[in-house]
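Participant: Test case, fold it:
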Amino acid sequence: MYDDDVVSRPSRARFLPYIFGGITGISVALLVMFLVIGQRATRGESADGAARPAYQAASTGAASARIETERRNAIVTATEQVSPSVISITGMYRVRTRPMYDWFWNRYYPGQIRTQATQGSGFIIDKHGYAFTNFHVIRDAERIQVTLADGKEYPATLVGTAPTYDLALLKIDGEEFPAARLGNSDDLVVGEWAIAIGSPFGSYLADTQPTVTVGVISANHRDIKQDEDSQQIFNDMIQTDAAINPGNSGGPLINARGEVIGVNTLIFSSGTGANVGIGFAIPINRVQRVYEEIVEHGRVRDVWVGMSAVDITPQSQLALNLPSESGVLIQSIEEGGPAEKAGLKPGDQIVAINGVKLQSRAHANRLIFGLGVGETVEMTVNRKDKLMTFKVTLAERPHDI
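Facilitator: Numbers count the residues shown, from 1 in each chain. You can find the predicted model right below:
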């Protein structure tokens, strides 16, 4: 028995290479088949070479359509609506240059006349070519040239200015123009989208299409100075973190509905002049008032209240036996002025204007700032421990005051 077993083992072993070879061949064939099926699947074909089922193709198409819809969001739509009305502004003026190296020749050498330029942005507000920008953009300009987003250039004339508000109204010479839609800056919500459009760095860029930056409304009613040494205070401004770079001055700040809500004006910047995320814009409602004043009266009329007031100190509160330090104290009333006509008197303590509790004289000025001639403000007054309400109709400031 043992001899038969010894003889039979080698006879079975000789089939093992064929068995292993067959298994390996089948494995390779299956691998190749799976690879072919995978390649056809990526090309949209089934294993038999036919196209993939319609529901699979539809799923891919729906995903692509969804992505395309998400790309065209409110910011894209708003930008497309306003961009055609955005203009690049070049203000040209002449300066006389003299040699600085010789005091003797400086006295007699007439020098040379050279043309220099300032650059900024603006936006068209009606189809006839009226456009707004910042006053500081065209302050020294003797000639103004504007360029539209499509590259067309037009001369422009200065219609009127409002240096107090840093605004200037231009009229572009030409045919019908694309106008931006104006919004309501009194309806802004802190945190909503804010889109700044303009021409940063002016002619340093090789094309005329406006640049878009996006942020949010960071705050409302900001009173700020451009720097510590500046005497001018920008009152009641919109704060945004949308980048406002050099050359953006005068361009529009818009909301997600494609409405202009402000005029980009100034920034807090680093030492290089780059934006650090704190920019300010003039509210569009104030811009509209300036437009109406210039069109109807040829200038922006200064409003007149007809009184002077001071902050209340602890000493004046004690001396006059006032109930609180809040508000302001009327120091004098001008004869025939709006305050006198309304019934106000020296010694009255104004505690609120239009329902807003006063904090200081500066706060009172801000609440009146931007209002126009003929508008009425309601003043709540403490007179001898009795609260009274007076309506003051603002008048135009007389030329001799």
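Participant: middle-most residue in the chain, spatially?
Facilitator: When the chain is reduced to its mean C-alpha position, the closest residue under CA atoms, centre = their mean turns out to be residue 253, at 2.9 Å.
Participant: surely that one meets residue 263?
Facilitator: Yes. Contact criterion CB atoms under 8 Å: residue 253 and residue 263 qualify, at 7.0 Å. C-beta coordinates here come from the backbone N, C-alpha and C atoms, glycine included.
Participant: Find the residues that touch each one of those two.
Facilitator: In terms of CB atoms under 8 Å, 6 or more residues apart in numbering, residue 253 and residue 263 are both contacted by the residues residue 281.
Participant: what's the neighbour count on residue 153?
Facilitator: As a burial measure, residue 153 scores 13 neighbours (other CB atoms under 10 Å).
Participant: From residue 174, how far out is it?
Facilitator: From residue 153 across to residue 174, the span is 10 Å (CB to CB, to the nearest Å).
Participant: sorry, back to before: roughly how far apart are the residue nearest to the centre of the chain and residue 246?
Facilitator: With CB to CB as the criterion, residue 253 and residue 246 are 16 Å apart.
Participant: can you give me the strands in the stretch 251-400 of the chain?
Facilitator: Using DSSP state E, counting those that start in this stretch, the strands of the stretch 251-400 of the chain run over residues 252-254, 259-269, 275-283, 303-304, 307-311, 328-333, 349-353, 356-357, 376-383, 386-393, 395-396.
Participant: Would you tell me which one of those is buried the most?
Facilitator: Counting by mean count of other CB atoms under 10 Å, strand 252-254 has the highest mean neighbour count of the strands of the stretch 251-400 of the chain, with a mean of 31.
Participant: Quick one: end-to-end length of stretch 95-113, please.
Facilitator: Taking CA to CA, to the nearest Å, stretch 95-113 runs 6 Å from one end to the other.
Participant: Quick one: mean pLDDT for that stretch?
Facilitator: Within the predicted structure, the mean pLDDT of stretch 95-113 is 63.
Participant: Name all residues that make contact with residue 294.
Facilitator: Taking CB under 8 Å, 6+ apart as the test, what residue 294 contacts is 159-160, 162, 169, 300.
Participant: Apply 6 Å and report the result again.
Facilitator: In this structure, residue 294 makes contact with 160, 169, judged by CB atoms under 6 Å, 6 or more residues apart in numbering.
Participant: what's the answer for residue 167, then?
Facilitator: Residue 167 makes contacts with 135, 290, as judged by CB under 6 Å, 6+ apart.
Participant: Quick check: bridge partners of it?
Facilitator: Here residue 167 sits in beta bridges with residue 162, going by DSSP bridges.
Participant: Residue 121: which element?
Facilitator: Counting by DSSP states H and E, the element that carries residue 121 is strand 112-124.
Participant: May I have stretch 345-356 as CSV, with CA atoms only?
Facilitator: Output for stretch 345-356, consisting of C-alpha atoms alone and laid out as CSV, is shown next (Å, rounded to 0.1, in the frame of the first residue of the first chain):
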residue,chain,number,x,y,z
LYS,A,345,-35.3,131.0,24.0
PRO,A,346,-31.8,131.4,25.5
GLY,A,347,-31.4,129.1,28.5
ASP,A,348,-33.5,126.3,27.0
GLN,A,349,-32.0,122.8,27.4
ILE,A,350,-32.5,120.8,24.1
VAL,A,351,-32.6,117.2,25.2
ALA,A,352,-33.7,115.5,21.9
ILE,A,353,-33.9,116.2,18.1
ASN,A,354,-36.5,114.3,16.1
GLY,A,355,-36.9,111.9,19.0
VAL,A,356,-33.2,111.1,19.3
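Participant: contact partners of that stretch?
Facilitator: Where contact means CB under 6 Å, 6+ apart, the residues beyond stretch 345-356 that reach it are 322, 326-330, 332-333, 358, 367, 377-383.
Participant: that older thread, read off the pLDDT value for the residue nearest to the centre of the chain.
Facilitator: Predicted confidence (pLDDT) for residue 253: 97.
Participant: Could I get the full set of helices for the protein?
Facilitator: Ranges of helices in the chain, per DSSP state H, are 2-13, 16-42, 54-71, 74-82, 103-108, 135-138, 284-297, 314-320, 338-342, 361-368.
Participant: what's the spacing between the residue lying closest to residue 372 once chain neighbours are set aside and residue 65?
Facilitator: On the basis of CB to CB, 6 or more residues apart in numbering, the spatially nearest residue to residue 372 that is not a chain neighbour turns out to be residue 289, at 5.3 Å. Counting by CB to CB, the separation of residue 289 from residue 65 is 45 Å.
Participant: cool, residue 277 as well?
Facilitator: As judged by CB to CB, residue 277 and residue 65 stand 36 Å apart.
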